[in-house]
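Novice: here is my input, please return the structure:
(one chain, ligands or ions: 1)
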Amino acid sequence: MSSENFKPSNFKGWEPAVNTTPLSQYASAKILAAHRDRLSSQTISGLFASDPRRAETYLISAAGLELDFSKNAIDQPLLKTLAAMAGEAGVAEKRTAMVAGEKINSSENRAVFHTALRDFTNSDPQVDGESIKPGIEDVLQKIRILTSNIHGGKWTGYSGKKIRHIINIGVGGSFLGIKAVLDGLQPWQRDDITTHYIANIDPTELHQVLTNIDAETALFIVASKSFSTLETKLNATAARSWMLEQGVPEQDIHRHFVAISSNISAATAFGIAKDNIFPMGDWVGGRYSLWSAIGLMIPLATSYAVFERLLKGAGAMDQHFLTAPFTENMPVVMALLGIWHQNWLGAESHAVIPYDSRLTTFPKHLQQMDMESNGKTVTRDGEAVHYHTGAVIWGDVGTNGQHAYHQLFHQGSRLVPIDFIVPLQSCNPIGAQHRWLVAHAFAQSQALMQGKNLEQARAELANKGLNESQLESLARQKVIPGNRPSNMLTMDRLTPENLGALVALYEHKVFVQGIIWNLNSFDQWGVELGKVLGNKIFDCLSEDAFSDVEDSSTNRLIKKFKLLND
Ligand SMILES: O=P(O)(O)OC[C@H]1O[C@](O)(CO)[C@@H](O)[C@@H]1O
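Specialist: Predicted structure coming up:
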């Protein structure tokens, strides 16, 4: 499907004008359409054949990462035009505004300043004319002290035993980033601490964690920027009750609960001791908050030094993002390629496939970071968009995917651009396993590009001795179109620094795309309606008599639930 076929007006109540040129507010968009026509007669393999230096030309190194984007159907004129569009959209100006602490989250009137949390330069980040550096340093110091006290046994549970189980209670941005990072930091995790997560409101999750910990050695971290998230509040209340049931004296419960929030009064009202609350500024967005005190579990499960290395890696990517020209800027180039694929070539999703088991949760973190940021259809100025915005982000680790959905990548009818993420050295080398893993990653991107034509398929089958009539139909089924784009993102090893840079890379990619699509990437009004209706339906499920909600399907479901549960 090309973008021209996208007809949002098929959806009632959401009828923006459909423009035949996507992003036509930019002069460069018209030229991009011409580039698409020009390049439609080329293949990626053909571009390699005509340029022996292609692999070096379409390569960016920054902050320990290397992006090889040569296996995309792009050339220099196209790249320059895409970069010009970023210029027209005001990416540079917005980038400056972000790191100047301006309130670019206009609908919530907030600054977007997660970069200040990992800024190890001599700059003085300010919000509302006030330096936020002293506050950042105070919180880091508080984290450092708690980490040292827990590891050193100075902070113990009520019975004097060392803390052995740390449980993060938080959801969305107060969960996914922490889990993605801690999975990545597995070689740096302490042996004497086990980490657990309670995110979902599903009681099964709570049950599974509570049956695997021991109250005397448990520390719960209630992570909630707003301290109003239903899931987190309910789970924290349940965990508190469970601790009391296990015999933790009420007066000692504070030794088992800490919280992170920008809503100190709500955390205090919940019963968290004031000294145990780690504040965060409202200038940190939830999905960008792992760098703040929300990431507390990271140093607790590893060490403060590792947390700092993670921050420094992200800071190095920030510096690259802030200074490199657009055509040599890793997040900008990834953002532009994404927009090219979504808006000009009709891709609807984007797959992220890490070839490292430690990055299993990373695509999930990206789903929140990207889809909650750019899953929008109204511009910053309240106008309906006339183009596709955020892609469906998905993925899982290779090689598992090769035995599942990679078939669709190779022969499916949809275009799915892919980021392969490959650490070139393993932290857990066993035999030739890692060499095989990397071989498969490289082979996937090569196969996607090269494909297999009918002649090749015929020749293969003829070699196997198939006769003409058997051969023809089978050969067609074995054709692999090829010419499918992918990025190869490599690093020497998955170190704390490289992991920090990787997460920051995608944050900036999402930022750039949001600017070009003219969205406010920092609010999430879409999730609110479900919360409101959830409250209403909860009342219906709980009350003896309930007045019908608007549709008969939901009414029937409510009645069925009540029949089974009341
Ligand atoms: O940290 P909080 O305030 O509990 O919010 C959790 C998550 O809920 C959301 O607001 C919406 O689902 C996310 O943006 C956020 O990360």
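
Novice: which non-adjacent residue is nearest residue 254?
Specialist: The shortest distance from residue 254 to any non-neighbouring residue, by C-beta to C-beta, 6 or more residues apart in numbering, is to residue 273 (4.0 Å). For glycine as for every other residue, the C-beta is placed from the backbone atoms N, C-alpha and C.

Novice: burial of that neighbour, as a residue count?
Specialist: A count of nearby residues for residue 273, using other C-beta atoms under 10 Å, gives 14.

Novice: what does the pLDDT read for it?
Specialist: Looking at residue 273, its pLDDT stands at 95.

Novice: who in the protein is up against the ligand?
Specialist: Taking C-beta under 6 Å from any ligand atom as the criterion, the chain approaches the ligand at residues 171-174, 224-226, 229, 232, 286-287, 372, 524, 527.

Novice: what about the residues you listed, which are in helices?
Specialist: In this view, those that belong to helices under DSSP state H are 232, 372, 527.

Novice: number of nearby residues for the residue of the stretch 451-566 of the chain found nearest the ligand?
Specialist: Scanning the stretch 451-566 of the chain for proximity to the ligand using C-beta to the nearest ligand atom identifies residue 527 as nearest, at 4.5 Å. Residues near residue 527, counting by other C-beta under 10 Å, number 11.

Novice: so how far is residue 335 from it?
Specialist: When distance is defined by C-beta to C-beta, to the nearest Å, residue 527 is 24 Å away from residue 335.

Novice: what's the answer for residue 250, then?
Specialist: Remark: distance between residue 250 and residue 335 (C-beta to C-beta) = 52 Å.

Novice: which of these two has more residues huddled nearby?
Specialist: Ranked by neighbour count (other C-beta under 10 Å), residue 250 and residue 335 place residue 335 first, with 26 against 10.

Novice: can you tell me the closest non-neighbouring residue to that one?
Specialist: Spatial nearest neighbour of residue 335, excluding adjacent residues (C-beta to C-beta, 6+ apart): residue 512 at 3.6 Å.

Novice: other residues contacting stretch 230-247?
Specialist: 167, 169-171, 174, 198-201, 203, 206, 210, 215, 218, 220, 222-224, 227, 250, 253, 256-257, 270-271, 531, 534 (C-beta atoms under 8 Å, 6 or more residues apart in numbering).

Novice: tell me which residues in it are buried?
Specialist: Neighbour-count burial for stretch 230-247 flags 231, 232, 233, 235, 236, 238, 239, 240, 242, 243 (criterion: 16 or more other C-beta atoms under 10 Å).

Novice: before we move on, what about stretch 139-153?
Specialist: Buried positions in stretch 139-153, judged by neighbour count with 16+ other C-beta under 10 Å: 139, 140, 142, 143, 146, 147, 150, 151.

Novice: beyond the helix or strand hosting residue 298, next helix or strand please.
Specialist: Following DSSP states H and E, the helix or strand that holds residue 298 is helix 297-301. Using DSSP H and E, the helix or strand that directly follows helix 297-301 along the chain is helix 304-323.

Novice: mind checking the pLDDT average for that next one?
Specialist: Across helix 304-323, the average pLDDT comes to 98.

Novice: in three-state terms, label the nearest residue in space to residue 343 that is not next to it in sequence for me.
Specialist: Spatially, and ignoring its direct neighbours in sequence, residue 343 is nearest to residue 22 (4.0 Å; C-beta to C-beta, 6+ apart). Per DSSP: H, G, I helix; E, B strand; the rest coil, the secondary structure class of residue 22 is coil.

Novice: ok so, going back, please convert the buried residues of stretch 139-153 to a markdown table, extending it with pLDDT.
Specialist: Compiled in a markdown table, those are given as follows (pLDDT from 0 to 100):
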| residue | pLDDT |
| --- | --- |
| 139 | 98 |
| 140 | 98 |
| 142 | 98 |
| 143 | 98 |
| 146 | 98 |
| 147 | 98 |
| 150 | 98 |
| 151 | 98 |
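
Novice: among those residues, which lie within helices?
Specialist: Those of the buried residues of stretch 139-153 mapping onto helices are 139, 140, 142, 143, 146, 147, 150, 151, per DSSP H.

Novice: same list, those residues, but as JSON lines with distance to residue 93 please.
Specialist: Below are those laid out as JSON lines (distance: C-beta to C-beta, whole Å):
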{"residue": "139", "distance to residue 93": "30"}
{"residue": "140", "distance to residue 93": "30"}
{"residue": "142", "distance to residue 93": "35"}
{"residue": "143", "distance to residue 93": "34"}
{"residue": "146", "distance to residue 93": "40"}
{"residue": "147", "distance to residue 93": "39"}
{"residue": "150", "distance to residue 93": "44"}
{"residue": "151", "distance to residue 93": "45"}
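
Novice: which of those residues lies closest to residue 302?
Specialist: In terms of C-beta to C-beta, no member of these lies closer to residue 302 than residue 147, at 9.1 Å.

Novice: my read: that closest one touches residue 300, true?
Specialist: Yes: using C-beta atoms under 8 Å, residue 147 is in contact with residue 300, at 5.8 Å.

Novice: is it true that residue 489 touches residue 420?
Specialist: Yes: at 6.7 Å, residue 489 counts as touching residue 420 under the criterion of C-beta under 8 Å.

Novice: what residues does residue 133 make contact with?
Specialist: 116, 124, 125.

Novice: neighbour-wise, give me the winner out of these.
Specialist: Busiest of those [other C-beta under 10 Å] is residue 116, holding 28 neighbours.

Novice: how much space between that residue and the ligand?
Specialist: Counting by C-beta to the nearest ligand atom, to the nearest Å, the gap from residue 116 to the ligand is 19 Å.

Novice: which parts of the stretch 351-500 of the chain are strands?
Specialist: Using DSSP state E, counting those that start in this stretch, the strands of the stretch 351-500 of the chain run over residues 392-394, 418-423, 486-491.

Novice: any idea how far the first one is from the chain center?
Specialist: Meaning strand 392-394. Between the centre of strand 392-394 and the centre of its chain there are 10 Å (C-alpha atoms, centre = their mean, to the nearest Å).

Novice: what's the answer for the second one, then?
Specialist: Computed by C-alpha atoms, centre = their mean, the chain-centroid distance of strand 418-423 equals 14 Å.

Novice: what's the average pLDDT for it?
Specialist: The average of the pLDDT scores along strand 418-423 is 98.

Novice: and the angle from it to strand 486-491?
Specialist: Angle of strand 418-423 versus strand 486-491, following axes from the mean of the first three to the mean of the last three C-alpha atoms, to 10 degrees, is 20 degrees.

Novice: parallel or antiparallel, which strands does strand 418-423 pair with?
Specialist: Here strand 418-423 is paired, per DSSP bridges, with strand 349-354 (parallel), strand 486-491 (parallel).

Novice: could you report the neighbour count for residue 213?
Specialist: A total of 21 residues lie near residue 213 under the criterion other C-beta under 10 Å.
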